[in-house]
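Visitor: based on what follows, work out the 3D shape:
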Amino acid sequence: MSFKPIRVILEKKQLFFVIPLLALAAFSAYGTTAANNFVLDDFELIANNDFVKDLRFTPVFFAAPFLKQYFRPLTYLSFSLDYRLWQLNPFGFHLTNVLLHFFNSILFFALLLYLFGDFGFSFVSSLFFAVHPLNSVTVNYISDRGNLLGAFFMLAALIYFSLGYKKGKDIFYLTGCVAYLAALFARENAVLFPLYLGCVFFILGIFRPLRLKPVLFYILVCFISLFYIFNMPLLSNIVKAPIANFYKAEYLNAFSYMLAKYITLAALPHNISFYRRIGELSFERAVLIYALLGLAGVLIFRFRKDRRVLLGAAWFLCGAIPLYKLMFTRPEIGLFMQDSWIYFSSMGLFMFLSIAVLPIRKICKKRTFYLVAAIIIILYLQITLNCNTQWQNEETYCRYWLKIMPRNYYAALKLAEHYLVNAEYKKALAFYDLVKNNIEPKKLPNYARASIFNNLGFIYAETGDINRSVKFFQAAAAMNDDALRKAFSYAGAGQVYYRYGRKTEALLRLEQAAEIFFADIEAGKAAYAVAWGQEDFREFYRSGINGFFGEVQRWRDKQRNKKRALSIFFNLKTVAEIFSKEGRFQDAARCHENMALVMGADVEQKGK
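Guide: Below is the predicted model:
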């Protein structure tokens, strides 16, 4: 995306002043994140993801889901480009996040300056945005890259549309549409872009008198957004999902709490976290929250003639109001909110902070104003630096998260998995107990419950409790809807039996796994045998692997449907990982060749 619009908007003196100061602010606040490690979903999306390690898999980004349910191909591509530069060094991935946040600060400044021509307001608002700890989750968490990319392309699109309106050139409108599409491919919250564009057009005054060209492009953007919402399964499910007693007082109170919490976090940031549960509000607390929101409404009405106030309020509410439906999307947690949800809409809150701070310069000397502003920025900066240290690694962050939110099953689950990987089984079991004590298991999706049972099966196998281990593996297999996961649960039970000399039962579990997952039983036995390194199963190796590759060829000759393509692709990927671990690199390479054939066939089918 070209930065020509910024050169059009800013004078050279402003560029030389603003860009270095915003760079200093952003890197002072978030530069320390470069020393942090991967955390939470970073492992699944980057460290353990073969797709991002080879640009030849770029077409897969447009077919494979991002964290099982999202469509974010540009975010995947950015990870792949980072890997090409830095391999699996977290430093480079964090650096990209900080750079994107810095670019967003510049674009935010440029947009405000173009809309209002008020240098002080634009600079102070973007400075708050650059250093504020409310953005620490998005900048620290590499997996939330989509938030940064989406904001970058939406801000760029808003600038291009503004330039199109001022200069009357179609090229700016068209470039704005391209930037908007890029935002959609980065993160699904870009479907809210028409709301922000409507705010910008209102400030520019296109509706007084009505101008046809920007209105036509606005209608086009709205159509794209609606098409995306109703054709993207995740978004359409959220929109269509019925909620009993949708306007129940409890839900309205929770939403009011969310709005008030975001406002207070912008003014007085503390305990910033990945997500937080919204509990039932007492009468006194509800009254306090409604009083705060009422006061905010009165102030907005009182200063409604100030277009900066109107834009700040509208900007925040455009991103906040749609969150009402998102509160219900994690039933295993209950009603909840995420601080990172308002990365883009928080810009409206920073406009209000700027409006609150700037009048100080009119009632006191310049030196006093600069001192007060510097103290506020330094306080925010210090809180941000503290937040960065909490993201140092997965263990550090999850322990901090449990400290501020004790009934947090997700943090406990991640700590349990962390200790399991590091063979600290007693600690892992303690945190799995914490998970069971803080959540009703039936509220978890089946795949999540099965994953916990698989891990418990593995722990008890390692600690010698055979019966309990097999019990958990079989429970995981029973509740798993996914064939691959069900197969590995049966294989896990078989592995435990084999390790303790019960070969008949081991073979039975192997056959159950193979019947589910592979085209023929021999292929399944072979793959699991390679994974275990057990000599007794080597006889199945040759015929089994040939049978598995035969399944790929049969699919290529007859079926060729997209769903089956992805299924076979992931199965091949799993077997390739098994071979690589066993040092069978030739067989792993053969798997990768077939992966390329499968995706190539899928692309051919799309072309037809």
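
Visitor: next, count neighbours for T368.
Guide: Neighbour count of T368, defined by other CB atoms under 10 Å: 12. For every residue, glycine as well, the C-beta is placed using N, CA and C.

Visitor: so which helix or strand of this protein has the lowest pLDDT on average?
Guide: Each helix and strand of the chain was given a mean pLDDT (mean pLDDT, DSSP states H and E); the minimum falls on helix 541-554 at a mean of 46.

Visitor: shaky segments in the stretch 401-550 of the chain?
Guide: By pLDDT under 70, the weakly predicted segments of the stretch 401-550 of the chain are 436-445, 447, 480-485, 487-488, 498-501, 503-504, 506-507, 510-550.

Visitor: helix or strand right after the host helix or strand of L288?
Guide: L288 belongs to helix 283-302 when assigned by DSSP states H and E. Next along the chain after helix 283-302, taking DSSP H and E as the criterion, comes helix 307-320.

Visitor: burial measure for K365, as a count.
Guide: Applying other CB under 10 Å, we find 9 residues neighbouring K365.

Visitor: what's the longest helix seen in the chain packed up against?
Guide: Ordering each helix of the chain by length in residues (DSSP state H) puts helix 90-116 first. Applying 3 or more CB pairs under 8 Å, 6 or more residues apart in numbering; DSSP states H and E, one finds that helix 90-116 contacts helix 4-9, helix 12-30, helix 73-86, helix 119-131, helix 136-140, helix 145-167, helix 193-204, helix 307-320.

Visitor: ok, now with 7 Å
Guide: Packing contacts for helix 90-116, counted by 3 or more CB pairs under 7 Å, 6 or more residues apart in numbering; DSSP states H and E, involve helix 4-9, helix 12-30, helix 73-86, helix 119-131, helix 136-140, helix 145-167.

Visitor: which residues sit against the fifth one?
Guide: Read it as helix 136-140. With contact meaning CB atoms under 7 Å, 6 or more residues apart in numbering, helix 136-140 is reached by 30, 33, 36, 97-98, 101, 144, 147-148, 272, 274, 339-340, 343, 384, 387-388, 391.

Visitor: avg pLDDT for it?
Guide: What helix 136-140 shows for mean pLDDT is 92.

Visitor: please identify the buried residues of stretch 117-126?
Guide: For stretch 117-126, burial by neighbour count (16 or more other CB atoms under 10 Å) applies to F119, F121, S122, F123, V124, S125, S126.

Visitor: and the spatially most central residue of the chain, what does it touch?
Guide: Among the residues of the chain, the one closest to the centroid is D144, at 3.9 Å (CA atoms, centre = their mean). Neighbouring residues of D144 by CB under 7 Å, 6+ apart: V137, T138, S340.

Visitor: hmm, back to that, make CSV out of the helices and strands packed on helix 90-116 and add distance to F217.
Guide: Converted to CSV, the helices and strands packed on helix 90-116 look like this (distance: least, CB to CB, whole Å):
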stretch, distance to F217
helix 4-9, 16
helix 12-30, 28
helix 73-86, 22
helix 119-131, 25
helix 136-140, 29
helix 145-167, 7
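
Visitor: among the ones you listed, which is nearest N189?
Guide: When those are compared by CB to CB, helix 145-167 sits nearest N189, at 6.2 Å.

Visitor: what about the helix or strand following the closest one, average pLDDT?
Guide: Helices and strands here follow DSSP H and E; after helix 145-167, the next one along the chain is helix 170-186. Average pLDDT, helix 170-186: 89.

Visitor: if we can go back for a sec, select only the buried ones of the contacts of helix 136-140 in ChimeraX?
Guide: Listed next is the ChimeraX selection for buried residues among those, using 16+ other CB under 10 Å:
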select :30,33,36,97,98,101,144,147,148,272,274,339,340,343,384,387,388,391
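
Visitor: what are the buried residues along stretch 388-401?
Guide: Within stretch 388-401, the residues that count as buried by 16+ other CB under 10 Å are N388, Q390, W391, Q392, E394, Y397, C398, Y400, W401.

Visitor: endpoints of it, how far apart?
Guide: Counting by CA to CA, to the nearest Å, you get 13 Å between the two ends of stretch 388-401.

Visitor: before we move on, back to that, and the furthest pair within the buried residues of stretch 388-401?
Guide: Among the buried residues of stretch 388-401, N388 and C398 lie farthest apart (CB to CB), at 15.8 Å.

Visitor: what helix or strand does E417 sit in?
Guide: With DSSP H and E as the test, E417 turns up in helix 409-421.

Visitor: would you mark the buried spots in that helix?
Guide: Residues Y409, Y410, A411, A412, L413, K414, L415, A416, E417, H418, Y419, L420 are the ones in helix 409-421 that count as buried (16+ other CB under 10 Å).

Visitor: now do stretch 78-97
Guide: Per 16+ other CB under 10 Å, stretch 78-97 contains these buried residues: S78, F79, S80, D82, Y83, P90, G92, F93, H94, L95, T96, N97.

Visitor: okay, that stretch in CSV with CA atoms only?
Guide: This file holds the C-alpha atoms of stretch 78-97, laid out as CSV (Å, rounded to 0.1, in the frame of the first residue of the first chain):
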residue,chain,number,x,y,z
SER,A,78,2.3,-12.2,6.8
PHE,A,79,3.4,-15.1,9.1
SER,A,80,4.8,-16.9,6.1
LEU,A,81,6.8,-13.8,5.0
ASP,A,82,8.1,-13.4,8.6
TYR,A,83,9.2,-17.0,8.6
ARG,A,84,11.1,-16.5,5.4
LEU,A,85,13.0,-13.7,7.0
TRP,A,86,13.4,-14.9,10.6
GLN,A,87,12.6,-18.6,10.6
LEU,A,88,11.1,-19.4,14.0
ASN,A,89,12.8,-16.5,15.9
PRO,A,90,9.9,-14.7,17.7
PHE,A,91,11.9,-11.5,17.6
GLY,A,92,11.0,-10.9,13.9
PHE,A,93,7.3,-11.7,14.4
HIS,A,94,7.1,-9.3,17.3
LEU,A,95,9.0,-6.7,15.3
THR,A,96,6.4,-6.9,12.5
ASN,A,97,3.6,-6.3,15.0
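
Visitor: go ahead and name everything in contact with that stretch.
Guide: 33-34, 36-38, 45-47, 52-53, 55, 58, 139, 142, 145, 148-149.

Visitor: narrow those residues to just the buried residues.
Guide: 33-34, 36-38, 45-47, 52-53, 139, 142, 145, 148-149.
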